[in-house]
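Asks: pasting the structure only:
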């Protein structure tokens with residue numbers, strides 16, 4: 001896994017200022033070094049500069065980038081971030097055309113496929129990726145992103161120069177690119193956050209290449225092509241056939257994503273999702289005479305303060321112990337202290353270049369850093385709830401018919417903390433409504449679906465486009481900030497495409513949440529794990545954490561120069577800090593409540609300061 005960055009101008013003569021542009025490329029590689037600490041490289045041509053940092057996973061010797069190949073004497077260059085899971089098929093297609101790769105590197109396969117078949121070859125690529133190809137002959141730069149946006153890719157325009165990077169910080173290396181927030185950007189952070197509208201780069205003038213698309217930049221302009229999107233289709237398989245096919249797709253996705261020339265590990269929470277991933281990995285490694293390494297997470301003294309609730313019905317540790325015994329894995333229990341996760345809130349912003357999922361993010365970043373000391377590749381159970389319908393809003397009729405994003409049914413608690421002047425300028429409710437309506441209009445409803453079925457389809461689509469994307473962003477940034485590659489088998493394109501159209505009567509047969517996945521996993525994990533109630537990513541229950549955050553936010557606001565102070569209603573915020581538990585229901589599904597709102601505000605203040613953000617309303 002790696003980082004990519006660069007710039008393109010169809011008319012400029014970049015080589016005439018070679019030292020100047022080489023220096024920018026060097027700044028980009030230095031800024032993105034955390035994503036690829038093993039190697040780096042740059043190339044500068046007449047109209048395009050490319051920069052790459054590398055985390056060596058496949059073909060450690062021959063996969064150096066930027067990579068260049070020639071056709072009829074003209075060069076094509078590639079920089080690539082990702083992993084490809086159907087290299088055999090792509091290689092076979094090339095050899096049938098008498099194009100013979102000289103390495104086992106997936107980078108070369110992608111570049112030769114582009115040169116042989118053109119940009120549309122991407123429709124047949126199975127993997128997680130963001131990459132750029134520059135064709136010197138036609139002076140075209142083509143940017144590609146995987147089907148569900150597992151790998152990030154941002155771009156902006158500065159004086160007619162297209163500047164792109166795996167993370168916004170890479171774009172800020174280009175002179176003239178500045179951090180500004182307009183009305184839309186503030187709404188992304190305050191109304192939708194930590195989610196983002198697909199394609200939004202939040203910063204003024206920034207965009208993120210849409211998942212499942214590629215963009216061609218040429219002397220004639222820029223054109224984007226959508227090569228993959230979820231489609232509504234009737235489901236004709238019987239229940240038994242559906243379970244069987246789902247079982248195949250799940251296990252096939254996990255096996256394909258185990259490809260690596262370095263050892264892999266898994267995150268293991270003791271829930272069905274991570275347990276299925278770990279079970280398949282352990283079985284495959286055992287065939288090779290190897291033992292799987294697993295990791296689980298918790299917080300210091302959580303056993304003292306934990307109280308079961310509807311969102312978190314049980315602690316993970318007893319179920320982790322059962323799975324470790326079942327798998328025979330080399331297991332490591334990792335713990336994070338309350339002070340440590342609070343301290344890392346700013347580092348999470350450094351990783352995202354934006355406010356993110358507060359301590360849900362900072363604690364995972366800590367755990368990923370710990371894992372990165374021994375491993376470069378981890379498989380996770382992320383995204384199964386989004387794909388198989390594990391959240392309450394799939395099951396509750398009031399949430400199904402809410403007419404808004406069900407994980408944030410009301411903006412009232414957030415709006416209460418903001419200044420009246422800001423609220424008037426933003427029209428947060430209108431922004432969210434417009435974003436919601438645009439999103440649900442993208443998915444077609446089948447003629448035979450009633451209102452409840454139609455709403456479930458819409459919510460299923462929103463989960464994948466917004467909620468799942470947020471968790472994928474979190475997983476990428478928290479892991480790659482320490483040079484750890486996280487893979488997400490449940491976000492496999494073939495699996496998601498199939499499960500999306502399974503009728504709810506099968507997905508939740510007999511009222512069993514994620515029934516299809518549980519039936520498909522029979523025999524892979526113990527029954528106790530198979531039918532365990534959903535328990536989300538762990539949070540600290542120590543009251544000290546809430547007190548710690550409130551004290552830090554009061555200290556921030558005591559500084560007359562705090563940029564956050566210009567955005568909030570100070571009286572309402574003081575009242576909230578006195579009684580965070582009065583904040584109301586969690587504001588991002590079951591993941592974020594009062595303490596996370598305080599942490600999010602701390603992140604916003606740090607973000608505005610660090611990036612010297614100019615607000616332009």
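Replies: Great, that's in hand. As the structure is a prediction and not an experimental result, all values here were calculated from the model.
Asks: ok so residue 184 is a helix residue?
Replies: Yes - assessed by DSSP: H, G, I helix; E, B strand; the rest coil, residue 184 belongs to a helix.
Asks: tell me the pLDDT at it?
Replies: For residue 184, the model assigns a pLDDT of 98.
Asks: what's around it, how many residues?
Replies: By other CB atoms under 10 Å, 15 other residues sit near residue 184. C-beta coordinates here come from the backbone N, C-alpha and C atoms, glycine included.
Asks: who's in contact with it?
Replies: Shown in contact with residue 184 (CB atoms under 8 Å, 6 or more residues apart in numbering): 200, 431.
Asks: same question for residue 51.
Replies: 4-6, 25-26, 28-29, 32, 40-42, 79, 170.
Asks: can you give me the helices in the stretch 151-300 of the chain?
Replies: Secondary structure of the stretch 151-300 of the chain (DSSP state H, counting those that start in this stretch): helices at 168-171, 183-187, 239-256, 272-287.
Asks: cool, and the stretch 351-500 of the chain?
Replies: 358-372, 384-388, 397-400, 412-415, 420-426, 428-440, 451-462, 468-480, 493-499.
Asks: next helix or strand past the last one?
Replies: Beyond helix 493-499 on the C-terminal side, the first helix or strand identified by DSSP states H and E is helix 504-507.
Asks: list the helices and strands that next one packs on?
Replies: Other helices and strands packing on helix 504-507, by 3 or more CB pairs under 8 Å, 6 or more residues apart in numbering; DSSP states H and E, are helix 515-520.
Asks: so residue 275 makes contact with residue 525?
Replies: Yes - in this structure residue 275 lies within contact range of residue 525 using CB atoms under 8 Å: 4.7 Å.
Asks: those two: who's more crowded?
Replies: Per other CB under 10 Å, whichever of residue 275 and residue 525 has more neighbours is residue 275, with 28 against 24.
Asks: run through the stretch 1-150 of the chain and note the low-pLDDT ranges.
Replies: 1, 56-62 (pLDDT under 70).
Asks: before we move on, back to that, can I get the helices of the stretch 151-300 of the chain in JSON lines with distance to residue 567?
Replies: Shown next, in JSON lines, are the helices of the stretch 151-300 of the chain (distance: least, CB to CB, whole Å):
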{"stretch": "helix 168-171", "distance to residue 567": "21"}
{"stretch": "helix 183-187", "distance to residue 567": "8"}
{"stretch": "helix 239-256", "distance to residue 567": "43"}
{"stretch": "helix 272-287", "distance to residue 567": "37"}
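Asks: how about the ones you listed, which one is nearest residue 616?
Replies: Proximity of the helices of the stretch 151-300 of the chain to residue 616 was assessed by CB to CB; the nearest stretch is helix 183-187, lying at 8.5 Å.
Asks: mind listing what's buried along that closest one?
Replies: For helix 183-187, burial by neighbour count (16 or more other CB atoms under 10 Å) applies to 185-187.
Asks: which non-adjacent residue is nearest residue 565?
Replies: Take residue 565 and drop its neighbours on the chain: the residue closest to it by CB to CB, 6 or more residues apart in numbering is residue 557, 5.4 Å away.
Asks: how about the contacts made by that neighbour?
Replies: Contacts of residue 557 (CB under 8 Å, 6+ apart): 564-565, 568, 570, 573.
Asks: re the thing from before, can you work out which residues contact both of residue 275 and residue 525?
Replies: Common neighbours of residue 275 and residue 525 (CB under 8 Å, 6+ apart) are residue 323.
Asks: quick one on the thing from earlier: show me which of the contacts of residue 51 are buried.
Replies: 4-6, 25, 28-29, 32, 40-42, 79, 170.
Asks: now, the most widely separated pair of those residues?
Replies: 41 and 170 (14.7 Å).
Asks: where does residue 537 land on pLDDT?
Replies: 76.
Asks: do I have it right that it meets residue 360?
Replies: Yes - with contact defined as CB under 8 Å, residue 537 reaches residue 360; the gap is 6.2 Å.
Asks: pLDDT weak spots in this structure?
Replies: Scanning the chain for pLDDT under 70 picks out 1, 56-62, 303-314, 581-586, 590.
Asks: scan it for its longest strand.
Replies: strand 74-84 (DSSP state E).
Asks: for residue 71, give me phi and psi.
Replies: Main-chain torsions, residue 71, degrees, to the nearest 10: phi -140, psi 120.
Asks: bridging residues for it?
Replies: residue 74 (DSSP bridges).
Asks: next, count neighbours for it.
Replies: Count around residue 71 with other CB under 10 Å applied: 14.
Asks: for residue 114, see how far away it is.
Replies: Taking CB to CB, to the nearest Å as the measure, residue 71 falls 10 Å from residue 114.
Asks: surely residue 267 and residue 294 touch.
Replies: Yes - using CB under 8 Å, residue 267 is in contact with residue 294, at 7.5 Å.
Asks: quick check: end-to-end length of stretch 48-65?
Replies: 15 Å (CA to CA, to the nearest Å).
Asks: distance of residue 370 relative to residue 363?
Replies: From residue 370 across to residue 363, the span is 11 Å (CB to CB).
Asks: between the two, which one's more packed in?
Replies: More crowded of residue 370 and residue 363, by other CB under 10 Å: residue 363, with 30 against 17.
Asks: list the contacts of the more buried one.
Replies: Contacts of residue 363 by CB under 8 Å, 6+ apart are 297, 299, 336, 341, 344.
Asks: could you redo the last one with a cut-off of 7 Å?
Replies: 336, 341 (CB atoms under 7 Å, 6 or more residues apart in numbering).
Asks: circling back to that earlier point, name the residues that touch the longest strand of the chain?
Replies: For strand 74-84, the surrounding residues in contact (CB under 7 Å, 6+ apart) are 1-4, 6, 43, 50, 52, 57, 65-69, 106-107, 109-111, 114-115, 125-137, 146, 151, 166, 259.
Asks: how does it look with 6 Å?
Replies: With contact meaning CB atoms under 6 Å, 6 or more residues apart in numbering, strand 74-84 is reached by 2, 4, 43, 50, 52, 65-69, 106-107, 111, 115, 127-137, 151, 166.
Asks: what is the end-to-end distance of stretch 22-40?
Replies: Span of stretch 22-40 from end to end, CA to CA: 13 Å.
Asks: run through who's touching that stretch.
Replies: Here stretch 22-40 has contacts from 2-3, 5, 42, 44, 49, 51, 53-56, 169-170, 173-174, 480-481, 483, using CB under 6 Å, 6+ apart.
Asks: go again with 7 Å.
Replies: 1-3, 5, 42, 44, 49, 51-56, 64, 165-167, 169-170, 173-174, 480-483.
Asks: so which of those belong to strands?
Replies: If you go by DSSP E, those have 2-3, 5, 42, 44, 49, 51-54, 165 in strands.
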